[in-house]
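Engineer: Quick one: sequence plus predicted model below, questions after.
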Amino acid sequence: MRFVFSPPAEAAADLVTLPWDTPLSQWTDDRIVEIPQHGRSRHVVRFVAEAGRVFAVKELPEQPARREYEVLRRLQELGIPAVEVIGVVVDRPGDQEAVLVTRFLDYSSSFLALFANPRGVQLIDRVMNAQVELLVRLHLAGIVWGDCSLANTLFRFDAGTLAAYLVDAETGEVHERLTQRQRDHDTDVAYARVVGELTDLRTSGALAEDLDPALAAADLVARYEQLWAELTSEKVMPRDEQQFRVAERIRRLQDLGFDVGEMELVDDPTGGSRLRLATRVAEPGTCRRALFTRTGLDVREKQARRLLADIASYRAGLEQVEEGPVSETAAAIRWLTELYLPTIAAIPAHLRSRLDAAEVFHEILEHRWFLSEAAGRDVGMQAAVRDYVDRVLSTVSGDLVTPTPRTADQDLAPR
């Protein structure tokens, strides 16, 4: 039996004592935890809690297990949203299948959970936008998904939007650059899979009767083509507007979460210039790293951007009250200890796992703004928290997201 673990190996050090020589369906180890399955799986999947972390172990043939391991490692290197791969176990006795080990994606939702417990408006638009962005990121990185579907995706709330994570890469392929044919194959598969998944949802009553699955799936492909064109198409611009137009295009791409590699201006027969940009996935986590450095909070990118904005506002208020400058570091620490942690601590214990702490804080800030607009004055944080808990958080289904099992004290601590 062979264990292949990706670095850092410490993440899997305690897993080697699991009963790997036994089929997963027969495991009775005390570390096995029951977590609702995210959607459907054609393989046996078990969840293991070890050293405060939860891992998913999936049994499948060796070749696709190795391929999925390599594809997921590549996605980690590129910073593309996907489950974190820990390792693969092969050559198990009795010709048993291999086992792929990944880190459990906490506070994530399957598309089934999202539609069974819809929050906010235009859920189908948010799901499709997240799915499209993930597929485009994969294709820019030279990766064929091979089985793009909602069932092979997990979704996380990120400051009111949805972020999509690839969770099944068995059919993935890594290339230097994708051809039009390879991209078309992925979008064709995505169309067929999404039509079937939405049809099942409508049959079960989880989808509005007036929503046509075929039209929704076609819209997904159209959104993909639109975003791909925005990121990769050449633009012709008048010579006297080059500087402005180039800066505008780069800024628009950065707002979408992408960076520009090489840039080339080529003379065009019309008398203008043709702009060619080599677009790539942006280095992930700029705001996440900044927030973590200042506060120790490890959250998602859009959540981090929202919290950093709140810290900046909090700092401005401190400087006004104290009539002098306050450093970024000092303001961040005071914001954490005087505002963020007390706010999260005010959430009743039985509701703290409904959404992750950063998303709850973001929603409280939004709720405070709406309440203040209605009242014509700032209602304050305490009143906003009470009203949010009573009218919003208490209505969130406990089946919407699946948090990693942890104590209440762990939920409050920066991580």
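Structural biologist: On my side now, so go ahead.

Engineer: Which other helices and strands does the longest helix along the chain contact?
Structural biologist: The helix that spans the most residues within the chain, counting by DSSP state H, is helix 180-204. Judged by 3 or more CB pairs under 8 Å, 6 or more residues apart in numbering; DSSP states H and E, helix 180-204 is in contact with helix 111-116, helix 123-140, strand 143-144, helix 213-232. Placement of C-beta: from N, CA and C, glycine included.

Engineer: can you rerun that using 7 Å?
Structural biologist: On a contact count with 3 or more CB pairs under 7 Å, 6 or more residues apart in numbering; DSSP states H and E, helix 180-204 meets helix 123-140, helix 213-232.

Engineer: Compare these and give me the one nearest L308.
Structural biologist: When these are compared by CB to CB, helix 123-140 sits nearest L308, at 21.6 Å.

Engineer: That closest one to helix 213-232, inter-axis angle?
Structural biologist: Interaxial angle of helix 123-140 relative to helix 213-232 (axes from the mean of the first three to the mean of the last three CA atoms, to 10 degrees): 40 degrees.

Engineer: Contacts for helix 123-140, please.
Structural biologist: The list of residues contacting helix 123-140 from outside it, by CB atoms under 7 Å, 6 or more residues apart in numbering, reads 80-81, 111, 114-115, 145, 148, 150, 153, 155, 161-164, 166, 178, 183, 186, 190, 211, 216, 219-220, 223-224, 227-228, 231, 279-281.

Engineer: Now it - C-alpha only, CSV.
Structural biologist: Once non-C-alpha atoms are left out, helix 123-140 reads as follows in CSV (Å, rounded to 0.1, in the frame of the first residue of the first chain):
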residue,chain,number,x,y,z
LEU,A,123,-30.7,32.8,-7.1
ILE,A,124,-30.5,31.3,-10.6
ASP,A,125,-28.5,34.3,-11.8
ARG,A,126,-26.0,34.1,-8.9
VAL,A,127,-25.5,30.4,-9.4
MET,A,128,-24.9,30.7,-13.1
ASN,A,129,-22.6,33.7,-12.7
ALA,A,130,-20.5,31.7,-10.2
GLN,A,131,-20.4,28.6,-12.4
VAL,A,132,-19.4,30.6,-15.4
GLU,A,133,-16.6,32.4,-13.6
LEU,A,134,-15.2,29.1,-12.4
LEU,A,135,-15.3,27.6,-15.9
VAL,A,136,-13.6,30.6,-17.4
ARG,A,137,-10.8,30.5,-14.8
LEU,A,138,-10.2,26.9,-15.6
HIS,A,139,-10.0,27.5,-19.3
LEU,A,140,-7.7,30.4,-19.0
